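> Build the 3D model from these lines:
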Amino acid sequence: MQLADQEMQDAIFLEAPVPLFLLERDGTVLRANRRAGHLLGFPPGYATGKAFTALVDLPARLAVRAHLAASRRTGAARQVRCGLLGRAGQPPCRCR
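Prediction:
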């Protein structure tokens, strides 16, 4: 892949209009885009290196862990409805 292609992909990821998290197989956040940072109320780099489930509301963590485990077993992408922690004083956001 050429450098210009990688730069374009990076820009698209960072500026996507929806929150995006890129995860390791173990569920650790590799990257988050600007919308994800806005959702969390922190810079996007805040989530890097943290377990994705640590960013999810406590009642939804078990379900998210189960979905991540199923995705690791099957290798298939999965959608999960989970509550991410929002900014202080705001209700948690919902994501798919």
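
> can you give me the strands for the chain?
21-23, 29-32, 82-84, 93-95 (DSSP state E).

> Chain neighbours aside, what residue packs nearest to Phe13?
Asn33 (5.6 Å; C-beta to C-beta, 6 or more residues apart in numbering). (C-beta placed from N, C-alpha, C; glycine too.)

> ok, that neighbour to Arg72 distance?
23 Å (C-beta to C-beta, to the nearest Å).

> higher neighbour count, these two?
Asn33 (21 against 12; other C-beta atoms under 10 Å).

> sorry, back to before: distance of the residue nearest to Phe13 from Val18?
From Asn33 to Val18 the distance is 8 Å (C-beta to C-beta).

> and the most centrally placed residue in the chain, what are its bridge partners?
Closest residue to the average C-alpha location of the chain: Phe21 at 2.8 Å, with C-alpha atoms, centre = their mean. Going by DSSP bridges, Phe21 is paired in beta bridges with Ala32.

> who touches it in this structure?
Residues in contact with Phe21 (C-beta atoms under 8 Å, 6 or more residues apart in numbering) are Val29, Arg31, Ala32, Ala36, Ala47, Phe52.

> quick one, what contacts the first one?
Going by C-beta under 8 Å, 6+ apart, Val29 touches Phe21, Leu22, Leu23, Ala47, Thr48, Gly49, Lys50, Ala51, Phe52, Leu55.
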